[in-house]
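J.: Take a look and give me a structure for this.
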Amino acid sequence: MNLSDVNLPGIPSTAVRQSGSCHCAAEYICRRAPDVVGFSSRCGNYLHSLRIAAELRQMRPQVPIIFGGPQATITDTATLNRFEFIDYVVRHEAEHSLPGLLEVLGGKQGLEHIPGIVYRRDEARRRFI
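T.: So this is what the prediction gives:
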């Protein structure tokens, strides 16, 4: 597993806050050829994370995008309703649910057995689990 943090060397954090820089951050992430991309969201980085995720979806539409953290937990179903490019929200602490979700994405089990995640089950009816 590779971890990318826009605050690490290679992407100055000030660049992410500037216009157009979310595209650069998304390009940086795409160069790493991720199988899955996850964002830990708080109030202060939520909008930037959404912008980067939207760019990522355009660049790599097949890569699942996961949001977690306090902001995503509070706005779980609203986030999935509003932002089609987000595939899953991991609620609360992810230590137990994220490994299971990653196994599902790897084809090892079904989503119904994983606690603490919200996802679109029925697109037509907007049903969330």
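
J.: and the strand ranked longest in the chain, which strands flank it?
T.: If you go by DSSP state E, the chain has its longest strand at strand 117-122. Sheet pairing for strand 117-122, assigned by DSSP bridges, gives strand 88-90 (antiparallel), strand 127-128 (antiparallel).

J.: buried residues in it?
T.: Within strand 117-122, the residues that qualify as buried by neighbour count (16 or more other C-beta atoms under 10 Å) are I117, V118, Y119, R120. Backbone N, C-alpha and C define where each C-beta goes, glycine included.

J.: Name the nearest residue to A54, ignoring sequence neighbours.
T.: F85 (5.3 Å; C-beta to C-beta, 6 or more residues apart in numbering).

J.: ok, now which ones touch that neighbour?
T.: By C-beta atoms under 8 Å, 6 or more residues apart in numbering, the residues touching F85 are A53, A54, L56, R57, I65.

J.: Greatest separation within these: which pair is it?
T.: Distance extremes for the contacts of F85: the farthest pair is A54 and I65 at 9.3 Å, using C-beta to C-beta.

J.: Find the residue ranges of the chain scoring beneath the pLDDT cut-off.
T.: Across the chain, the ranges flagged by pLDDT under 70 are 1-20, 108, 122-129.
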